[in-house]
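In: Please work out how this folds:
(2 chains)
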Amino acid sequence: MTLIIRKLDKKVVLDDYKRHKLLYSLPFRLNKRLTLINQKSPAQNLWTSLILMLIMTALGAFYFLFSYSTFRGLWYHKLLCAFSALIFTYLCEETYFELYEKRIRMDLPSTLKKLTHYYNLYKGNIVPALEDTISKCPVSNRVFIVKMREALGKTDYVRQIGVLENQMPTVWMKMLCRIVLFAKENGGAAAGEAQKIRKEDVIASSLKRLTNIATFLNIEQGYNDAELLGMQIFVFFTPFMVIPVTRWYNTSLLIDFDMGGIYNSVQAQSLTAVMLFISSFGALFIHWMRKLQS
Amino acid sequence: MLVEVFVLALLASSLTVLVFQHSRYQRVKKLYRADYARASLLKSISRLLPFMPSYKSRRYKAAEALIIDSGFKLSVEGFYLIKTALFIAGLVFFTSIQTTNIFMLYDSVINDLTLKRNLMDVSDRGGTERLELEREIFKYVNDMLPKEKAPLKELESSNNIKMYTDYLELRIGNKWDRLEEDAGDIAERMYAKLLKIRAIETDYTVYFKSMAAAVSLFFMPNIIGSVKLKLIEDKRDWEILNYIYVFSIFGRLPPFNIKNVLINILVISDIYKPILSEALNGVKSGKGEAVFDGLLKRVENQELYELLEAMRLSMNTGLLDMMDNIDGMAANQLKWLEIKSIKRRKSKQVIAMVPVVLAMLMAVVYFSYSLSTLSNPMNFVK
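Out: Prediction:
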């Protein structure tokens, strides 16, 4: 573990691990995505990613046990169970990160609005504008603004912003890095010139444009996503609702006929296996559709 | 049996090829780069693939176009390797399922005490001893009338039924003289079982179903690619809207040139990255206008066409003069996308309804399973 942390601290390229060592690929994949979201170093995120992996594995095992408990014999039913459990684990992981990323995207317009306000207030001086935005912007975006402020404070700020840009989770955050860099280099002068000819500062107007497009995308893509998300959740949880309720209802109905164990027959087990497969595969398909649309 | 042997042979030969190619890959990787070794491995395997199209043939070009348009990040050889692997895995999987089901069916027919009997008769099922006797009698009958001597057609012929049942009654009566059940009834049941078993042994349609399922898996990457092409249209439009906004933002910032705009657009590009990289390289090499003219002939998306046209024009008129037009373009694109989104949302809902309906259908079938059994209790007794 110490060796891994040391390697991560030396900025080992995670992609190399991913490509060459299959064993490392899952925790490092989680680590990389966590690093993009919370902007901590890969070493700081190591325990979180390991715990996350353990939780995902436990959830997958729980799903597998739930579906396995409904079967008694055939090998291909069990195989479908294992396949469905893998999809379940993957979808849980995606949901976890989606929630994080969605919060960042949703809070971005508010952050940009604050930054524009303080940029105008400080007459084109981006550093104090960023400092004031840090305390006023939504919590989910705070870490990114802090990182930008730190990068601008260094002597090699151009390189630092370039590095930071590659670690941003959304395209508009990347653009914000570029605008902030430009504001650091030209902000005061541009604002001064704009005031002289009573025109709007280009950086302030750029920030406003960025706010507009981020808001529009949040609203429109939010509409598109909401309906599909509802369908995905419904398809995904269908077996969890249907199997226990049907078993309870029909078993209590049939117990007088001495047919209480009717769902232990091979045909019923095949139906269960197919339902689990359709549910997990269908949920994966809708998740894929959602990923493709934005 | 023949089908299982064929499938096992196919699986064994595929695994042998895989092991051989992997050892070859390891050897090549030691001498050259891993990328080269991987490409060489794919080329070597692709020669063995039966449906691999020849280089630059019509099918090869069609596959290449599908891979590029849908953003699969694969070579044509890799694409066909995946298709073939899916086919073999599917064939092995589905055939194994059918074989398991056939064995189960075989057992259930042999162990069936209810055939040619009503529900009341079955109440004296007699436990394991009765079942053992049933199996023993069937084995005796099956050995007496093997499929070489008594094939299905002969057993099914109405002229032979009486002869065979009388013969079976006589032989069973002679061998088991203390049976609780009438030997004639047992002979009739055994004859019915024999017919069913022969029908199972000669029924190859289940394997055709496996083959059909495996073939559909072979075409699965093509289907996924085509669905992806349809679904990705929305992403294309959003991406172009993003390009227009980045153009609008960075066109107003120094050094006021199209190169700076393209560099910034490339940061957020994904689907159209190759086109934009080509444009940027053209601008860098000083052949910007010619490159843009070439791109305008190739681009099919109207919004991207307009954007490239505006870029091309800005090289003559100056970037700042174009910016009001770009703002107008962004406003238009916003409105246009709002309308398009409503239309597309509906078509996407229809596609997404397929798994929803399937899941609901399965839920209904599952719920009504016990009720259908209730309407015909013999199903459960079996």
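In: What parts of the stretch 101-250 of chain A come near chain B?
Out: Contacts of the stretch 101-250 of chain A with chain B, taken as Cβ under 8 Å from any Cβ of the partner chain, map to A:165, A:171, A:174-175, A:178-179, A:182, A:186, A:202-203, A:205-206, A:209-210, A:213, A:216-217, A:220-221, A:223-224, A:227-228, A:231, A:234-235, A:238, A:241-243, A:246, A:249-250. All C-beta atoms are positioned from the backbone trio N, CA, C, and that covers glycine.
In: Pull out the buried residues from the residues you listed.
Out: The neighbour-count test (16 or more other Cβ atoms under 10 Å in any protein chain shown) marks A:165, A:171, A:174-175, A:178-179, A:182, A:186, A:202-203, A:205-206, A:209-210, A:213, A:216-217, A:220-221, A:224, A:228, A:231, A:234-235, A:238, A:242-243, A:246, A:250 as buried among those.
In: can you tell me which residues contact the residue of chain B found nearest chain A?
Out: Among all residues of chain B, residue B:355 sits closest to chain A, at 2.7 Å; criterion: Cβ to the nearest Cβ. Contacts here follow Cβ atoms under 8 Å, 6 or more residues apart in numbering or on different chains; on that basis residue B:355 touches A:231, A:235, A:278, A:281, A:282, A:283, A:285, A:286.
In: ok, now with 7 Å
Out: Taking Cβ atoms under 7 Å, 6 or more residues apart in numbering or on different chains, we find residue B:355 in contact with A:235, A:278, A:282, A:285, A:286.
In: chain center to the helix or strand hosting the third one, what's the gap?
Out: When secondary structure is defined by DSSP states H and E, residue A:282 falls within helix A:266-292. Here the centre of helix A:266-292 is set off from its chain's centre by 23 Å, with Cα atoms, centre = their mean, to the nearest Å.
In: and if you look at stretch B:85-103?
Out: For stretch B:85-103, the distance to the chain centre is 14 Å (Cα atoms, centre = their mean).
In: Now it: average pLDDT?
Out: Computed over stretch B:85-103, the mean pLDDT rounds to 90.
In: Low-confidence regions, the chain specifically.
Out: Picking chain A for this. A:1-26, A:72-73, A:187-199, A:254-261 (pLDDT under 70).
In: Chain B is the one I meant
Out: B:1, B:115-127, B:372-382.
In: How much space separates residue B:100 from residue B:111?
Out: Relative to residue B:111, residue B:100 is positioned 16 Å away (Cβ to Cβ, to the nearest Å).
In: again, but for residue A:104
Out: Taken as Cβ to Cβ, the span from residue A:104 to residue B:111 is 62 Å.
In: max-length helix in the chain?
Out: No chain in the question, so chain A it is. Counting residues, the longest helix found in chain A (DSSP state H) is helix A:202-254.
In: that's the wrong chain, I meant chain B
Out: helix B:319-375.
In: Now the residue of the stretch 151-294 of chain A found nearest chain B: closest residue in space, sequence neighbours ignored.
Out: Here the residue of the stretch 151-294 of chain A nearest chain B is residue A:282; by Cβ to the nearest Cβ that distance is 2.7 Å. In this structure, residue A:282 finds its nearest non-sequential neighbour in residue B:355, 2.7 Å apart by Cβ to Cβ, 6 or more residues apart in numbering or on different chains.
In: Let me see the contact set for residue 134.
Out: Defaulting to chain A. Residue A:134 touches A:142, A:145, A:146, A:149, counting by Cβ under 7 Å, 6+ apart.
In: Sorry, I should have been clearer: chain B.
Out: Neighbour list for residue B:134: B:111, B:113 [criterion: Cβ under 7 Å, 6+ apart].
In: Please identify the helix or strand for it.
Out: Using DSSP H and E, residue B:134 falls within helix B:127-144.
In: So for that helix, what gets flagged as buried?
Out: Residues of helix B:127-144 classed as buried by neighbour count (16+ other Cβ under 10 Å): B:133, B:134, B:137, B:138, B:140, B:141, B:142, B:144.
In: Check which helix or strand the residue nearest the centre of chain B maps to.
Out: Nearest residue to the geometric centre of chain B (Cα atoms, centre = their mean): residue B:217, 3.3 Å. Taking DSSP H and E as the definition, one finds residue B:217 inside helix B:205-218.
In: Between helix A:266-292 and the longest helix of chain A, find me the angle.
Out: Counting by axes from the mean of the first three to the mean of the last three Cα atoms, to 10 degrees, helix A:202-254 lies at 170 degrees to helix A:266-292.
In: Now do helix A:202-254: distance to the chain's middle.
Out: On Cα atoms, centre = their mean, the centre of helix A:202-254 falls 14 Å from that of its chain.
In: what about the closest residue to residue B:133 other than its chain neighbours, neighbour count?
Out: Among residues not flanking residue B:133 along the chain, residue B:176 sits closest, at 7.8 Å (Cβ to Cβ, 6+ apart). Residue B:176: 15 surrounding residues under other Cβ atoms under 10 Å in any protein chain shown.
In: any idea how far residue B:176 is from residue B:137?
Out: In terms of Cβ to Cβ, residue B:176 sits 7 Å off from residue B:137.
In: can I assume residue B:144 is in contact with residue B:171?
Out: Yes: the pair residue B:144 / residue B:171 is scored as a contact, 6.4 Å apart, by Cβ atoms under 7 Å.
In: quick one, what contacts residue 160?
Out: Reading this off chain A. A:151, A:154.
In: Wait, chain B was what I had in mind.
Out: residue B:154.
In: 10 Å - rerun?
Out: B:150, B:153, B:154, B:167 (Cβ atoms under 10 Å, 6 or more residues apart in numbering or on different chains).
In: Moving C-terminal from the helix or strand where the second one lies, which element do we reach first?
Out: Think residue B:153. Per DSSP H and E, residue B:153 falls inside helix B:152-156. Following helix B:152-156 in sequence order, the next helix or strand is helix B:158-175 (DSSP H and E).
In: Let's see that following helix as PDB, backbone CA atoms only.
Out: These are the backbone C-alpha positions of helix B:158-175, laid out as PDB (Å, rounded to 0.1, in the frame of the first residue of the first chain):
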ATOM      1  CA  SER B 158     -51.000 -46.100 -37.200                       C
ATOM      2  CA  ASN B 159     -50.600 -49.700 -38.700                       C
ATOM      3  CA  ASN B 160     -47.800 -50.500 -36.300                       C
ATOM      4  CA  ILE B 161     -49.200 -49.100 -33.000                       C
ATOM      5  CA  LYS B 162     -51.300 -52.100 -32.100                       C
ATOM      6  CA  MET B 163     -48.500 -54.500 -33.000                       C
ATOM      7  CA  TYR B 164     -45.900 -52.700 -30.900                       C
ATOM      8  CA  THR B 165     -48.100 -52.200 -27.800                       C
ATOM      9  CA  ASP B 166     -49.200 -55.900 -27.900                       C
ATOM     10  CA  TYR B 167     -45.600 -56.900 -28.200                       C
ATOM     11  CA  LEU B 168     -44.600 -54.600 -25.300                       C
ATOM     12  CA  GLU B 169     -47.500 -55.800 -23.100                       C
ATOM     13  CA  LEU B 170     -46.400 -59.400 -23.700                       C
ATOM     14  CA  ARG B 171     -42.700 -58.800 -22.900                       C
ATOM     15  CA  ILE B 172     -43.400 -56.600 -19.900                       C
ATOM     16  CA  GLY B 173     -45.900 -59.100 -18.600                       C
ATOM     17  CA  ASN B 174     -43.400 -61.900 -18.900                       C
ATOM     18  CA  LYS B 175     -40.500 -60.000 -17.300                       C
END
